[in-house]
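# here are the coordinates; sequence isn't available:
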């Protein structure tokens, strides 16, 4: 309840005093004070006093008293006016003013009374109480604010402490994994050394066998010449018969020497096509990306979170608007685009998945993982139908042959492998790179496999012989990704410093170089027409390169590095995946 103002009553009291009853005390005056001393001011007296004290050995300092202000008592009319003004009683104030001046004019107010000191002191105390109440409220607000800030800082401290503990646990886990991997790697070193020695021994035996074969052929040729001369010298029938017998024996020896060694052939092995297939897109007009035909180019249409951890790669279904994404959370997922509806989820790898690729008929998908395995998943059966564990280090990428019977993979063990899906075995290993093989792809409708490596080279392999047909040099940093255009006439490559190069496959020469440094370029993809190139950059954007105009446009939107980008078949849509766990649709 609000407090009521105190009510004061003013009463006039007259005190009568008898002048004779008052005792007056006589003040004596010293006549000995000289005129100069009387005229001496206070400061001079104090100064002389201090000098006398110092001369007597006293160090007391006399302070000069400060001046005080005496408050004059307030008259009754001013007190009432101030009271009415403070409480905004304007009408009462006007009435008081009118009556007061009327009384004053008539002479009814000769000696205005003074307000007693108690009322003035009560007013001062009331003002002091109000002021202190305001100060208390202000301090209360400050205390509440400080308490809220303290609770907030305590929560932040607890959060950072928990985050620090989690980081420490992850660090310890990584250290244990590194120690385990070192032990695992050390266990492989003797086996690798033994295999290397066996390989060198086999190569030496092969060379010695070849030399012996050539010597035997030379001996047989010499014997044949000797026997022909001998046949001419001897004309008898018996001698002729004997000569024919010798020739038959020599022919058998030659046939045995020239007969190649038989190699093991698995009964379920698929036959590698001898002739390259016909590329139906070689001489046809293909759709151009909307980025070149639509005003303003691509714009973000849809975005959704696809995985719990970073997305490492993306692949497009060969017949439908469906994409597959792989992630560091050890899963792969299929999505319909552009609505982003989840169709299928695959689990089976024990570590991150680095690459994926759809079967040419769209019935299967292959994945390569950091657990060194390559898996083939069948959509009709809804499970993994084949697993290849031939690599000794993590697998970065996979690619299907156009026939659908062969699957190629690249790994951190500096090699690439060709797997026969029918017989479920490794048919060939391509060795030649001196560092990790980061990406691979097939020349469309051919038996040529193209690989790129951290050793800064691009190699083209013939899968029928397992030999390197051509090597491209030009990059000065590790190459991250390569991609052929649809016609198979050009190949694009990107490296770890943002350099993108385009090569002519037929002439095996570099056509053009583009600089997107200093951020690494993680992936390159041609559109269907080959006129536009999408470059996935580690700065969170996709660079759109118009090759003929040499024009570059940037599509920004991701919060972390973009790991992959690709066009759909008609070029109306672009899909990009990023380490921020999201998939973005541009159209």
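Noted; the coordinates are in hand. The structure displayed is predicted, hence computed values, not measured ones. Residues are numbered from 1 along each chain as shown.
# can you pull out the helices in the stretch 101-250 of the chain?
Remark: helices assigned in the stretch 101-250 of the chain by DSSP state H, counting those that start in this stretch are 117-233, 237-258.
# Give me the helices and strands touching the longest one, please.
Using 3 or more Cβ pairs under 8 Å, 6 or more residues apart in numbering; DSSP states H and E as the contact test, the elements touching helix 117-233 are helix 237-258. Backbone N, C-alpha and C define where each C-beta goes, glycine included.
# make it 10 Å
Judged by 3 or more Cβ pairs under 10 Å, 6 or more residues apart in numbering; DSSP states H and E, helix 117-233 is in contact with helix 76-86, helix 237-258.
# Please give the element, helix or strand, for residue 278.
Assessed by DSSP states H and E, residue 278 sits outside every helix and strand.
# quick one: which of the helices and strands packed on helix 117-233 has the weakest pLDDT on average?
When the helices and strands packed on helix 117-233 are compared by mean pLDDT, helix 237-258 comes last with a mean of 51.
# for residue 44, what are its contacts?
With contact set as Cβ atoms under 10 Å, 6 or more residues apart in numbering, residue 44 has no partners.
# Give me the three-state assignment for it.
helix (DSSP: H, G, I helix; E, B strand; the rest coil).
# Distance check, it against residue 50.
Taking Cβ to Cβ, to the nearest Å as the measure, residue 44 falls 11 Å from residue 50.
# cool, residue 452 as well?
Applying Cβ to Cβ to residue 452 and residue 50 gives a distance of 98 Å.
# next one: phi and psi at residue 360?
Dihedral pair for residue 360: phi -60, psi -30, per degrees, to the nearest 10.
# and it, how far is that from residue 282?
Where residue 282 is concerned, residue 360 sits at a distance of 17 Å (Cβ to Cβ).
# Over to residue 44?
120 Å.
# Check residue 512 too.
Residue 512 is 22 Å from residue 282, by Cβ to Cβ.
# hey, where'd the strands end up in the stretch 451-587 of the chain?
457-462, 467-473, 479-484, 490-495, 499-504, 509-515, 521-526, 532-537, 541-546, 551-556, 562-567, 574-578, 582-586 (DSSP state E, counting those that start in this stretch).
# now the angle between strand 499-504 and the fourth one, please.
Yep, that's strand 490-495 we're talking about. 160 degrees (axes from the mean of the first three to the mean of the last three Cα atoms, to 10 degrees).
# Next: the first one.
Here strand 457-462 runs at 30 degrees with respect to strand 499-504, directions being taken by the same axes, to 10 degrees.
# go on, the second one?
For strand 467-473 against strand 499-504, the angle by the same axes, to 10 degrees is 130 degrees.
# and strand 467-473, which strands flank it?
strand 457-462 (antiparallel) (DSSP bridges).
# The strand it pairs with relative to strand 479-484, how many degrees between them?
Using the same axes, to 10 degrees: strand 457-462 against strand 479-484 is 40 degrees.
# With adjacent residues omitted, what lies nearest to residue 448?
In this structure, residue 448 finds its nearest non-sequential neighbour in residue 460, 5.4 Å apart by Cβ to Cβ, 6 or more residues apart in numbering.
# ok, the closest residue to residue 451 other than its chain neighbours - contacts?
If the residues on either side of it in the chain are set aside, residue 451 comes closest to residue 440, at 4.5 Å by Cβ to Cβ, 6+ apart. Residue 440 sits next to 355, 357, 396-399, 408-411, 416, 430, 449-453, 459, 461, 481-482 when contact means Cβ under 10 Å, 6+ apart.
# Tell me which helix or strand residue 440 sits in.
strand 437-442.
# Between strand 479-484 and that strand, find me the angle.
Going by the same axes, to 10 degrees, strand 437-442 makes 0 degrees with strand 479-484.
# Any idea how far strand 437-442 is from the middle of the chain?
How far strand 437-442 lies from its chain's middle: 24 Å, per Cα atoms, centre = their mean, to the nearest Å.
# Now it: average pLDDT?
Across strand 437-442, pLDDT averages out at 95.
# now swap in stretch 379-395 and tell me
If you average the pLDDT over stretch 379-395, you get 92.
# Compute the first-to-last residue distance for that stretch.
Using Cα to Cα, to the nearest Å, one end of stretch 379-395 lies 22 Å from the other.
# List the contacts of the closest residue to residue 433 other than its chain neighbours.
The spatially closest residue to residue 433, leaving aside those adjacent along the chain, is residue 453, at 4.0 Å (Cβ to Cβ, 6+ apart). Contacts for residue 453 (Cβ under 10 Å, 6+ apart) come out as 410, 414, 416, 432-440, 459, 475, 478-479.
# do the same with residue 432
414, 415, 416, 451, 453, 455, 457, 459, 461, 467, 468, 471.
# And those residues, which of them are buried?
Burial by neighbour count, judged by 16 or more other Cβ atoms under 10 Å, picks out 414, 415, 416, 451, 453, 455, 457, 459, 461, 468 from the contacts of residue 432.
# Tabulate those residues in TSV, adding columns for pLDDT and distance to residue 526.
Output for these, formatted as TSV (pLDDT from 0 to 100; distance: Cβ to Cβ, whole Å):
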residue	pLDDT	distance to residue 526
414	92	28
415	94	27
416	95	22
451	96	18
453	95	21
455	93	24
457	94	21
459	94	20
461	94	21
468	91	24
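# want to try a markdown table for those residues, with distance to residue 326 as columns?
Listed next are the buried ones among the contacts of residue 432 as a markdown table, based on distance: Cβ to Cβ, whole Å:
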| residue | distance to residue 326 |
| --- | --- |
| 414 | 22 |
| 415 | 21 |
| 416 | 19 |
| 451 | 20 |
| 453 | 21 |
| 455 | 25 |
| 457 | 26 |
| 459 | 25 |
| 461 | 25 |
| 468 | 29 |
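# Look up which helix or strand the closest residue to residue 80 other than its chain neighbours falls in, please.
Among residues not flanking residue 80 along the chain, residue 96 sits closest, at 6.2 Å (Cβ to Cβ, 6+ apart). Element membership for residue 96 (DSSP H and E) is helix 90-106.
# Output the contacting helices and strands for that helix.
Short answer (3+ Cβ pairs under 10 Å, 6+ apart): helix 90-106 packs on helix 76-86.
# Report the distance from the helix it packs on to the chain centre.
Using Cα atoms, centre = their mean, the offset of helix 76-86 from its chain centre is 74 Å.
# How about stretch 92-103?
Worked out by Cα atoms, centre = their mean, stretch 92-103 lies 82 Å from the chain centre.
# Pull out the buried residues from that stretch.
93, 96, 100.
# Need those in a markdown table (columns: pLDDT).
Converted to a markdown table, the buried residues of stretch 92-103 look like this (pLDDT from 0 to 100):
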| residue | pLDDT |
| --- | --- |
| 93 | 87 |
| 96 | 86 |
| 100 | 83 |
